[in-house]
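**Student:** I need the structure of the sequence given here:
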Amino acid sequence: MNNIDLNSDIFQAELEKTWKFVDKVNDQFGFVQNPDDEINEGVAMGLARNRLIYGKRYCPCFIVQGETKEERKEAENRVCPCKPALEKEIPQDGVCHCGIFCTSEYAEAKAKNKIIEEVSHTHSRGLTQDEAAILLKKEQLDGDEIEALIEARELNMVDFKLIDVREPMEFQMGNIKGTDELLPTTKFYEWLPQILNRKNENIILYCHTGSRSYQVQQILKREGMDVGNFSYGIISYPGETVRG
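**Tutor:** Model (predicted):
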């Protein structure tokens with residue numbers, strides 16, 4: 001059931017249940033929603049998707065490890081609301097890794113910062129060809145660096161493939177303009193052999209928050225590939241995104 005129709009009755013029904021689940025978690029622990037509605041929507045849809053595929057609301061920001069129910073249980077995959085979020089991430093950072101659950105203090109501060117960023121954001125000069133080549137070799141990239149590299153590629157300074165490792169529904173909701181391929185992590189074991197044959201290509205991976213793409217990056221690195229990762233994911237991307 002990897003290919004799920006966003007508009008199907010079964011998905012919409014599960015999504016409605018997921019929002020009720022999110023409200024229940026907020027009430028139980030005193031959390032509030034992230035002020036960024038796109039983050040909340042993306043995570044909720046991921047939770048609903050995983051519930052339909054795997055039977056549990058596995059955290060959508062991590063690869064679900066294990067091909068069978070027993071293997072997934074032994075792998076101790078995160079199930080929302082996950083233990084690391086409740087015991088460490090939210091108490092220390094004010095927000096869970098995926099971003100949907102946060103403290104009121106975090107939500108208020110983020111809302112203010114978003115206004116400041118919109119008012120004060122300016123674009124720096126473009127990269128030189130040498131700078132672009134050096135930046136392309138960086139393992140962990142932020143949003144400004146991804147945007148600068150895409151601009152440099154448009155000017156034929158560098159060449160690379162930007163690959164989204166999220167799921168089709170997430171891609172449809174919004175993806176970075178300039179994305180070359182979609183390789184969902186739910187089909188990771190299907191496309192892994194093909195990408196291992198592309199060791200001469202420059203590849204940059206991204207996902208929602210950088211977790212799934214980081215996991216894929218580490219696996220590919222162990223196989224001898226030099227792969228870049230958008231460390232904070234599309235939720236932190238300052239450049240242009242497109243739907244569909």
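**Student:** tell me the mean pLDDT over stretch 126-140?
**Tutor:** Stretch 126-140 carries an average pLDDT of 87.
**Student:** Can you tell me how far Leu182 is from Glu89?
**Tutor:** Going from Leu182 to Glu89 by CB to CB, to the nearest Å gives 28 Å. For glycine as for every other residue, the C-beta is placed from the backbone atoms N, C-alpha and C.
**Student:** my read: Val165 touches Val216, true?
**Tutor:** Yes - look at Val165 against Val216 with CB atoms under 8 Å: they come within range, at 5.4 Å.
**Student:** Find residues that contact each of these two.
**Tutor:** Common contacts of Val165 and Val216 (CB atoms under 8 Å, 6 or more residues apart in numbering): Thr185, Phe188, Leu205.
**Student:** Mind checking which of the residues you listed are in helices?
**Tutor:** With helices taken from DSSP state H, the overlap with those comprises Phe188.
**Student:** Out of the shared contacts of Val165 and Val216, the closest to Glu14 would be?
**Tutor:** Thr185 (19.6 Å; CB to CB).
**Student:** For that closest one, list the residues it contacts.
**Tutor:** Thr185 sits next to Ile63, Val64, Val165, Arg166, Glu167, Cys207, Arg212, Gln215, Val216 when contact means CB under 8 Å, 6+ apart.
**Student:** Go through those residues and flag which are in helices.
**Tutor:** Arg212, Gln215, Val216.
**Student:** How far away from the center of its chain is the host helix or strand of Phe21?
**Tutor:** Using DSSP states H and E, Phe21 falls within helix 9-29. Its chain's average C-alpha position is 20 Å from that of helix 9-29, according to CA atoms, centre = their mean, to the nearest Å.
**Student:** Which residues belonging to that helix are considered buried?
**Tutor:** Neighbour counts using 16 or more other CB atoms under 10 Å place Phe11, Glu14, Leu15, Thr18, Phe21, Val22, Val25, Asn26 of helix 9-29 among the buried residues.
**Student:** how near is the most centrally placed residue in the chain to Tyr214?
**Tutor:** With distances taken as CA atoms, centre = their mean, His208 lies nearest the centre of the chain, 1.4 Å away. According to CB to CB, His208 and Tyr214 sit 11 Å apart.
**Student:** Could you do Asn77 as well?
**Tutor:** 16 Å.
**Student:** quick one: which of these two has more around it?
**Tutor:** Tyr214 (22 against 19; other CB atoms under 10 Å).
**Student:** Could you name the specific helix or strand carrying the nearest residue to the more buried one once chain neighbours are set aside?
**Tutor:** Nearest non-adjacent residue to Tyr214, counting by CB to CB, 6 or more residues apart in numbering: Asn229, 5.3 Å away. If you go by DSSP H and E, Asn229 is part of strand 227-230.
**Student:** quick one, domains of the chain?
**Tutor:** Per the record, the chain has its domains at 9-119, 129-242, by automatic domain parsing.
**Student:** Please enumerate the helices of the chain.
**Tutor:** 9-29, 37-54, 69-74, 83-84, 90-93, 104-120, 129-136, 143-154, 168-173, 188-195, 211-222.
**Student:** Can you name the residues in contact with the helix holding Phe21?
**Tutor:** With CB under 8 Å, 6+ apart as the criterion, helix 9-29 contacts 4-5, 31-33, 40, 44-45, 47-49, 51-52, 57, 80-81, 86, 90, 100-101.
**Student:** Buried ones only from those, please, as a ChimeraX command.
**Tutor:** To isolate the buried subset of the contacts of helix 9-29 in ChimeraX, counting by 16+ other CB under 10 Å, use the following:
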select :4,31,33,40,44,45,47,48,49,51,52,57,80,81,90,100,101
